[in-house]
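K.L.:
sequence-free structure coming up:
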């Protein structure tokens, strides 16, 4: 289950604010979330990161008055395996020695890549090209492309971004995140930019080369959209009435 990583103190404040807005006790909130009171209090103490679906439910219970911090990171499934694997690797290296020489590692890497290509079903959770859902042409896809042409960009061969205002676009950013998840089956990450020039910008980021390839087929290229004279795809232009305009 994807989890949400807030800055220190924000997750606890969010849950306390939700309690005050709902006027529920901790036990009642736990029942509403279908978890134990112990689990809820562990989230409040920030012992564990909040699951994404719990954040959505807390937001629904509390209503529009609940202020969700604009800067957070969505951690995908198995997000904690990297640190656990690193600790295990260091322990093994200390006990049995280092992991071989450069020539041996290179040979092992070549063999590994061949096996991944031959048996992709055995390597679903390895560092392969991330799979996406390829959406059919629809009003929602047309809306996403419009959002992307206005506020998005292709950073490199595997990364797509949408930049929004941290001050004015927080609810809209959640809407865009939900749209990307529904269309492509991917949960993006959200970053707050730290530079003085971009301190009020949040960047929704998806790293998936297949999404970049999909957008290229729609006529969207890396670099300046103005320079490449990127326009709305022809199939969108042919739609006379969108459902939201009916």
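P.N.:
Perfect, I can see it now. From a predicted model like this one, the values you see are computed outputs, not experimental measurements.

K.L.:
can we go C-alpha only for contacts and neighbour counts from here?
P.N.:
Will do.

K.L.:
Distance check, residue 179 against residue 35.
P.N.:
27 Å (C-alpha to C-alpha, to the nearest Å).

K.L.:
How is the protein partitioned into domains?
P.N.:
3-75, 103-128, 139-240 (automatic domain parsing).

K.L.:
got TSV for those domains, with mean neighbour count and mean pLDDT too?
P.N.:
Putting the domains of the chain into TSV (neighbours: other C-alpha atoms under 10 Å; pLDDT from 0 to 100) gives the following:
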stretch	mean neighbour count	mean pLDDT
domain 3-75	16	89
domain 103-128	11	61
domain 139-240	16	83
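
K.L.:
now the residue nearest the centre of the chain: how far from residue 69?
P.N.:
Nearest residue to the geometric centre of the chain (C-alpha atoms, centre = their mean): residue 188, 2.0 Å. Computed as C-alpha to C-alpha, the residue 188 to residue 69 distance reads 16 Å.

K.L.:
Same check on residue 216?
P.N.:
Applying C-alpha to C-alpha to residue 216 and residue 69 gives a distance of 33 Å.

K.L.:
what's the answer for residue 132, then?
P.N.:
28 Å.

K.L.:
wait, residue 167 sits on residue 200?
P.N.:
Yes: look at residue 167 against residue 200 with C-alpha atoms under 8 Å: they come within range, at 6.5 Å.

K.L.:
Assign the closest residue to residue 203 other than its chain neighbours to helix, strand or coil.
P.N.:
Spatially, and ignoring its direct neighbours in sequence, residue 203 is nearest to residue 163 (4.5 Å; C-alpha to C-alpha, 6 or more residues apart in numbering). Assigned with DSSP: H, G, I helix; E, B strand; the rest coil, residue 163 falls in the strand class.

K.L.:
Residue 163 is in contact with residue 200, isn't it?
P.N.:
No: with contact defined as C-alpha under 8 Å, residue 163 does not reach residue 200; the gap is 10.2 Å.

K.L.:
where's the residue lying closest to residue 184 once chain neighbours are set aside relative to residue 42, distance?
P.N.:
Of all residues not flanking residue 184 in the chain, residue 133 sits nearest, at 4.4 Å (C-alpha to C-alpha, 6+ apart). To residue 42, residue 133 is 35 Å away according to C-alpha to C-alpha.
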